[in-house]
Every structure is written in C-alpha cells, then in structure tokens.
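Chemist: fold the following for me, if possible:
(4 chains)
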Number of protein chains: 2
Amino acid sequence: MADSPKIRKIRLHEQLKRDILCLDLPPGHDLDEAALSEKFGLSRTPLREVLLQLVGEGYAEQHPNRGCRVSEMSHTSLRNFFLAAPMVYGAVLQLAAQNAQPLQIARLKEAQQRFRDALKSGSAAARSLANNEFHMITGEMADNAYLQPSFQRLLIDHARIGVTFYRPQTPEMTENLSKASEQHDAIIASIEAHDAAAAAQLSTDHWNLSRGQIEMFVMPVGLDGGLELPRATEG
Amino acid sequence: MADSPKIRKIRLHEQLKRDILCLDLPPGHDLDEAALSEKFGLSRTPLREVLLQLVGEGYAEQHPNRGCRVSEMSHTSLRNFFLAAPMVYGAVLQLAAQNAQPLQIARLKEAQQRFRDALKSGSAAARSLANNEFHMITGEMADNAYLQPSFQRLLIDHARIGVTFYRPQTPEMTENLSKASEQHDAIIASIEAHDAAAAAQLSTDHWNLSRGQIEMFVMPVGLDGGLELPRATEG
DNA sequence: AAAATACATATTGTATTCAATCAAAATTTC
DNA sequence: GAAATTTTGATTGAATACAATATGTATTTT
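Modeler: Residues are numbered from 1 along each chain as shown, chains lettered A, B, ... in the order given. You can find the predicted model right below:
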C-alpha cells in the first residue's frame, strides 16, 4: 500500500469532501487544523492547502483568524438553491447530451449501477453519495468550465439536502426513489442518443421529482387527532 | 501607510487579479513563486495560499509539480463562454432587480460613473476593468451563492475578452461603447425599479451588443482590392 | 552524429519553528 | 456584586529550513 505525503493529501481531500457531503461533518462544523493534521499524518502547511482548496470548491468557508468551517446551509441558501438549480441542471444536461464521450457514458452507466445498489441496501448517505457521483459525471460531460463551478456547488448542497430529506419513511417516498432511478436510466438514454431536447425535459422532470420529495419533508401534512396543545404563551 | 503581512497578502491578491483581468499577465503565464515572493515581500507560504485562492476563483490553474499559471483562453473556452454567459447573466440581473439594496444601488451608480470616465479617457484595459466592477456589483446584488461562482468566472473572461476586442477603431465600435454605457444606465433604472422582466430584457440586449462587438473583431469584413493571392493548395 | 542516460540545477512540496491574534478566565476596581 | 481590564491559553498566520520532483544539459555509447 503506497503511502506518501502526496497520497495522504489526496486522501484527506477526498475524505473531507465525503464527510461534508453526507453530513458526518455538519454545516458550520469547525475544521480544526491541529486535529486534522495529526489524524491524517500531515503537517499543517499541506493541510491548510487542502482546506483552502475546499473553500475554493465551496465545501468550506474561511473566517480570518478563526479557521475554516464546513459551509453553512440556511433557509436563505435553500431558497437560492431552488432558484438556481433547475436552470443550471437543465443547461448541464443539454450540453452533456451534446458532448458526451463514449468513455464517459460507460462511467455514467457504472455510476447508475452503484446508485441502484445503494437504493436496495444502502443508507441515505450512501444513496446521496451515489446520486452525487452520477450527476458529477454529467457535469464532466457538459465540459463547460463556466457552468461547472456553479454546478459543483449545487451538487454539494443537493447531496446534503438529499441526506436530510431522502429518508424513505412512507411508501410514496420509496416509490419516488425508484422513479428517480428510472429517470437516471432515461437520462443515460437521452445522452447516448445525443438528444439535447429530451435531456432538457428529463432534467425538468427529475428536478420536479426531487423537489416534491423535499417538499414532503419541509411541509408535511399536519397530524390529525386529539393532541392536547398547551395554551399559547408569549415569549 | 499601514503595511503588515496581512495587508501585503491582500494587495498581492488584488494586484494579481487586476493584472490577470487586463492581460498584463496573459493566459498561460507562469506565476513564479520565488519571483512573486520577493516582489511582494512575502514568504512563499502565504504566497502559495494566495495562488491557491486564485485557482479556486478561476484566475489561475495549478499543475502538480509545475506550479500555477494564469488560466488559459482557447477557442473552446470562447465557445463555452458564449454558451453559458447569456443564461447566467440573465439570471443574475433578474435576481439583482429583485434583491438590490439601496446601498448597493448607490455603489452601482458610482461604478457606472467610473465606467463613463474610462470611456472618455481610459485605455481598453481601464474600460474593461470598470465594466467588470459594474457587473461584479450586480452579482453581489443577486445574492445567490450558487450562481455567483459561475458568474465570477464568466466575468474574468468577459474582462479579458473585452481588453482584446473592445478597442474602438471604427466609428461603429465607438458608437457601441456609448450604447453599452446607455444600457448600463437602463440596467440601473430597472434594478432601482425592481423590475425583473425589464432587467432580463436589458441583459439580453446588453449581451447581444457585446457579442456583436466581439464578432466584428473575430469575423471582420474582408479586405477589398487587388491582393495577389497565391493559388489554392491542398493542406 | 543521434539517441539515451546520468547528473546538475531549479522549482515545487512538506515540515518545523516562531510570531501574532483572539477568546476566555481571573483579578481588580468601582 | 457587576463591569472592566489584564493575563493566559489556544489557535491561526508567516517565515525558514529541508526534501522530493522535474527539466535541461552534458556526456557517453551505439
């Protein structure tokens, strides 16, 4: 097992990204330099470079003299997410359909297989990470350096939202997950056919499904029946 | 004149950004650590952090064991730029119209004044930088952390393209510049009126004007008259 | 003479050390 | 006893020293 500082640095980077995506490192969590430095066997200098990279990629935020923290997720960011995501996702999938290379399509199919596996046996985190990988590949396919940065940031919070909200607890939610998987298959087909229009439509559909799922969590149907509510108090 | 390492670091960051935007540091130019370190009176450690930040912001690219270079601009990137820019610019201006704060509007007006000044007296670089500041403020107004990264990257290359192509050499090009200035005024008005639809339309107009100007350079009208052309040969 | 290999040099990457800044706790003063 | 100030501990930021990697040149071999 090769193990050099360079390898450790890459591992650290990958590990932190995964931990942030699946909320093992929750929003706002302090990324302590000394602790991480010791844990990953790297001195603080290369470690800080990794943290700066994460900041550049949108995984973390830097506060002067206060170190780095995992990017926050507020109600404001959620709203902005819903505003930007449909547009960027649509554009990316259209371009993906136009530009996808055979090798990338093969990788997309593999990712989709992993997503299917995660649906059966995995946790919410595993599903979300697999879904993230799938969409990351579509981003590569689009091959547009100007869209990529926003797309990447959207994917970060899409994954984190997914971990939070995609915990199937009702039959309808489980059904939605298999629908999402079917849509992935359709997306692959549209990309393989280089059908940009179909890809755009599928993007909309996929997005609407995702949004519906999230809405079920954010705005659940109220509970029926005889809860004894305390009298309202000011304060 | 206060002068601490922190200040020098910020100055270095600002200076490099400006130099890259106005092509004083052209695409592909090597950002030598030792040289910059000496020039700005900083050790290599904070200098490297600035370079990493520039990489994260899209100003530079990092190659393992080969240091950092100013981001490249190829025909591919130009095409991708034209694909992404109208969409993102439109979205940003709409959101700017919705969300702009009075203080930001005041700053936008100041930026527009500087743009007007640059039109009269400045160089192509000065005009492009002033234009860049104007649009940067609209990006702040939009206040959407997901769109911001792509918008920022577009602005970088918009500025660099501007320096290259916005050198008025014909009356029509000069006329275009004052049209652009008028459009800025109209954009300010639409933002101040919180009229998102008007802002969207102006974004399209502004973009079309910009694209037309660039096209005049990329695809100039052919030269008339008696050039003795060699016989066509197969390549 | 051309190609390949080895060596020298320059540059990047990492580690360690030192300085500055911030937050919190304890002491002093009102 | 409460508020303000000083002091202390911890953490971030910068500089220097060291190691590894790559490129270019020179020498050797075919």
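
Chemist: who in chain A is up against DNA strand C?
Modeler: A:5-6, A:9, A:41-46, A:49, A:64-66 (CB under 7 Å from any atom of the strand). For every residue, glycine as well, the C-beta is placed using N, CA and C.

Chemist: any of the residues you listed buried? List them.
Modeler: Buried members of these, counted by 16 or more other CB atoms under 10 Å in any protein chain shown: A:9, A:42, A:46, A:49.

Chemist: check contacts around the closest residue to the last one other than its chain neighbours.
Modeler: The one in question is A:E49. Take A:E49 and drop its neighbours on the chain: the residue closest to it by CB to CB, 6 or more residues apart in numbering or on different chains is B:L52, 6.0 Å away. For B:L52, the contact set (CB atoms under 8 Å, 6 or more residues apart in numbering or on different chains) comprises A:49, A:52-53, A:56, B:62.

Chemist: same list, those, but as JSON lines with secondary structure and distance to B:M173 please.
Modeler: Formatted as JSON lines, those follow (DSSP: H, G, I helix; E, B strand; the rest coil; distance: CB to CB, whole Å):
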{"residue": "A:E49", "secondary structure": "helix", "distance to B:M173": "44"}
{"residue": "A:L52", "secondary structure": "helix", "distance to B:M173": "41"}
{"residue": "A:Q53", "secondary structure": "helix", "distance to B:M173": "41"}
{"residue": "A:G56", "secondary structure": "helix", "distance to B:M173": "37"}
{"residue": "B:Q62", "secondary structure": "strand", "distance to B:M173": "37"}
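
Chemist: I'd like those residues laid out as CSV, including pLDDT.
Modeler: Shown next, in CSV, are the contacts of B:L52 (pLDDT from 0 to 100):
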residue, pLDDT
A:E49, 95
A:L52, 95
A:Q53, 96
A:G56, 96
B:Q62, 96
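
Chemist: show me which of these is closest to A:A186.
Modeler: A:G56 (33.9 Å; CB to CB).

Chemist: for that closest one, grab the count of nearby residues.
Modeler: Look at A:G56: counted by other CB atoms under 10 Å in any protein chain shown, it has 19 neighbours.

Chemist: A:L25 should be in a strand, yeah?
Modeler: No: under DSSP: H, G, I helix; E, B strand; the rest coil, A:L25 sits outside any strand and is assigned coil.

Chemist: and it, its phi and psi?
Modeler: phi -110, psi 100 (degrees, to the nearest 10).

Chemist: please name the residues that touch it.
Modeler: So A:L25 contacts A:16, A:19, A:31, A:70 (CB under 8 Å, 6+ apart).

Chemist: can you list the weak-confidence ranges in chain A?
Modeler: A:1-2, A:168, A:225-235 (pLDDT under 70).

Chemist: going along the chain, name the strands of it.
Modeler: Taking DSSP state E, the strands of chain A run over residues A:30-31, A:60-63, A:67-70.

Chemist: out of those strands, deepest packed?
Modeler: Comparing these by mean neighbour count (mean count of other CB atoms under 10 Å in any protein chain shown), strand A:67-70 comes out on top with a mean of 20.

Chemist: parallel or antiparallel, list what pairs with it.
Modeler: strand A:30-31 (antiparallel), strand A:60-63 (antiparallel) (DSSP bridges).

Chemist: nearest to B:I187, out of the strands of chain A?
Modeler: Taking the strands of chain A one by one with CB to CB, strand A:60-63 is closest: 30.2 Å.

Chemist: ok, residues contacting the closest one?
Modeler: So strand A:60-63 is in contact with A:20, A:31, A:51-52, A:54-55, A:68-72, going by CB under 8 Å, 6+ apart.

Chemist: and that strand, C-alpha only, in PDB?
Modeler: Taking only C-alpha atoms (Å, rounded to 0.1, in the frame of the first residue of the first chain), the coordinates of strand A:60-63 have been written out as PDB:
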ATOM      1  CA  ALA A  60     -16.000  25.100   3.400                       C
ATOM      2  CA  GLU A  61     -15.800  28.800   4.400                       C
ATOM      3  CA  GLN A  62     -12.800  30.600   5.800                       C
ATOM      4  CA  HIS A  63     -13.000  33.200   8.600                       C
END
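
Chemist: now it: how far from the chain's centre is it?
Modeler: Centre-to-centre, strand A:60-63 and its host chain are 19 Å apart (CA atoms, centre = their mean, to the nearest Å).

Chemist: hang on, the earlier thing: and which of the residues of chain A next to DNA strand C is nearest A:A96?
Modeler: Closest to A:A96, out of all of the residues of chain A next to DNA strand C and judged by CB to CB, is A:K9, at 30.4 Å.
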